[in-house]
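Asker: Whatever this is, show me its structure:
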Amino acid sequence: MKRLLLCLLAASPVLAFAQGSQVNTQSQKAVGMAGAGSALFIDETSIVYNPGALAKMEGNAISVGASAIMYRSAFQEAGSQDVHHTRFQISPPVSVFAAFGPRDSWWKAGIGVYTPYGGGVDWGKEWPGRFSLTSLSMRSFYIQPTLSIRLNDKFSVGGGFVYNVGIVDLGRSLPVYGSDGREGHAELKGTGTGMGYNVGVHYNLDDQFAISLNYRSKVITKLEGGDVTFDVPQALAANFPNGKFDAELPLPSSFNVGIAFPLSERVKTAIDASFINYSIYKELAFDYENNTPALQDTRSAKKYENAFSAKAGINYEASDKLELRVGGGYVHTPVRASYVYPETPDNNRLMAAGGVTYKFNPNWQLSAAYVFQKILKRTTTNAETQLRGAYETNIHAPGISISYAW
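Answerer: Numbering: from 1, shown residues only. Now for the predicted structure:
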């Protein structure tokens, strides 16, 4: 081996998109409409979806939510009848939001702690792509203090500073063998930080029709002093020394547009579109503390393209206490066919969702939702590893949140 290519998942929007890692579950109300609702729902989760809408809240609120993301992917190598599946596991992104300020005031402040990117995948050590990846766990925690100002009854603006803490744990097999035939293995663990911002504008044309504009900046997360550990035959240990590594993970910016309007007195529609700047993810570079002829600093091409998504949903007020909602969406992948990796074997995807909110009293309410994502089957040959075959992925994500308003 002249060099070791250890590729790490960087984005995606995302529950990334690239997507397989992007987690859009901060608001269970929006999840129930497949991610639509940035112009419709005015509550503490607007800290994420549109900070400009926060000032239009009448009172204050705090909410806690969590989802159970179940990611199942299958791979069939070209020329083989065997189908390899990822092991079942649950990734539980959580979120906490609080909004506070004088009631019916011109301003509102808030803070959110949430997981915009994250997930896990475990292919095991027997599948054909084990030299690319055996397992991956990734979490990105955003901390966002926010301030929102209502300029008049119709127009409000807001923004928040974003501080990110990213945690990554990646493993892959190595094509080196002991006397017993056991393959080597490498594991990378690291924690990185980055900064960005989230700004938004919310405008009501009248009491019912609303427009939302939101921009979320890119966040360059720098991993410094991560740990790399090798399990190789003793005779090769000098070529694969344990040590440290540095890397950068670019999380892309996005521009989001949403509209909301009524179909009847109790039925409202929301439509959202997002344009995501995944093209910043051109390569992934690793700088290893200890270099050897077998372990060199690496640069792995990604060449992502910009992506977009479209989502729409309907919210039905069945009674003063109960709201029901459904939604659907489409996401266009940023991953070119020759750069599909097993961390996120991505392709264009379809979404279907449903949800419910029940108001126990004027203070307490509970929301629950479920979204299903179908990543379309994709046959590809990776330009770097030459692994050829077909990937197919389903994602199930039930979730629940509870909020208290005063």
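Asker: Where do the helices of the stretch 151-300 of the chain begin and end?
Answerer: Assigned by DSSP state H, counting those that start in this stretch, the stretch 151-300 of the chain shows no helices.
Asker: which residue packs closest to Asp64, ignoring adjacent ones?
Answerer: For the record, residue 64 is Val, not Asp. Val96 (5.4 Å; CB to CB, 6 or more residues apart in numbering). Any C-beta I mention is one placed from the backbone N, CA and C, and that applies to glycine too.
Asker: quick one: that neighbour is in a strand?
Answerer: Yes - counting by DSSP: H, G, I helix; E, B strand; the rest coil, Val96 is part of a strand.
Asker: The host helix or strand of Thr146 pairs with which strands?
Answerer: For Thr146, the host element (DSSP states H and E) is strand 135-150. Its sheet considered, strand 135-150 pairs with strand 107-122 (antiparallel), strand 155-177 (antiparallel) by DSSP bridges.
Asker: closest one to Asn290 among these?
Answerer: Nearest of the strands paired with strand 135-150 to Asn290, taken as CB to CB: strand 155-177 at 15.8 Å.
Asker: quick one: that closest one to chain centroid distance?
Answerer: Relative to its parent chain, strand 155-177 has a centroid offset of 9 Å by CA atoms, centre = their mean, to the nearest Å.
Asker: Identify each buried residue in that strand, please.
Answerer: Neighbour counts over strand 155-177 (16 or more other CB atoms under 10 Å) mark 156-160, 162, 164, 166, 168-174, 176 as buried.
Asker: Listing request: residues of the stretch 51-200 of the chain with sub-threshold pLDDT.
Answerer: Applying pLDDT under 70 to the stretch 51-200 of the chain flags no residue at all.
Asker: still on that earlier bit, ok, what's across the strand from the residue nearest to Val64?
Answerer: Going by DSSP bridges, Val96 forms beta bridges with Val64, Val113.
Asker: Adjust the sequence numbering to begin at 52 for everything that follows.
Answerer: In the new numbering, first residue 52, that becomes Val147.
Asker: list the contacts for it?
Answerer: Ile113, Ser114, Val115, Gly116, Gly163, Val164, Tyr165 (CB atoms under 8 Å, 6 or more residues apart in numbering).
Asker: could the strands paired with strand 186-201 be laid out in TSV, adding distance to Thr343?
Answerer: Converted to TSV, those look like this (distance: least, CB to CB, whole Å):
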stretch	distance to Thr343
strand 158-173	29
strand 206-228	13
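Asker: and of the ones you listed, who's closest to Glu443?
Answerer: Counting by CB to CB, and looking across all of the strands paired with strand 186-201, nearest comes strand 158-173 at 13.9 Å.
Asker: Pull out the CA atoms of the closest one and give them to me as PDB.
Answerer: Only the C-alpha atoms of strand 158-173 are listed here, as PDB (Å, rounded to 0.1, in the frame of the first residue of the first chain):
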ATOM      1  CA  TRP A 158     -38.800  41.900  19.900                       C
ATOM      2  CA  LYS A 159     -38.200  38.300  20.900                       C
ATOM      3  CA  ALA A 160     -35.000  36.500  21.900                       C
ATOM      4  CA  GLY A 161     -34.300  32.800  22.000                       C
ATOM      5  CA  ILE A 162     -31.800  30.000  22.000                       C
ATOM      6  CA  GLY A 163     -31.800  26.600  20.300                       C
ATOM      7  CA  VAL A 164     -29.600  23.500  20.700                       C
ATOM      8  CA  TYR A 165     -30.300  21.100  17.900                       C
ATOM      9  CA  THR A 166     -28.800  18.500  15.600                       C
ATOM     10  CA  PRO A 167     -28.800  19.600  11.900                       C
ATOM     11  CA  TYR A 168     -26.400  16.800  10.800                       C
ATOM     12  CA  GLY A 169     -25.900  13.400  12.100                       C
ATOM     13  CA  GLY A 170     -26.600   9.700  11.900                       C
ATOM     14  CA  GLY A 171     -25.000   6.300  11.900                       C
ATOM     15  CA  VAL A 172     -24.400   3.400   9.600                       C
ATOM     16  CA  ASP A 173     -22.900   0.000  10.200                       C
END
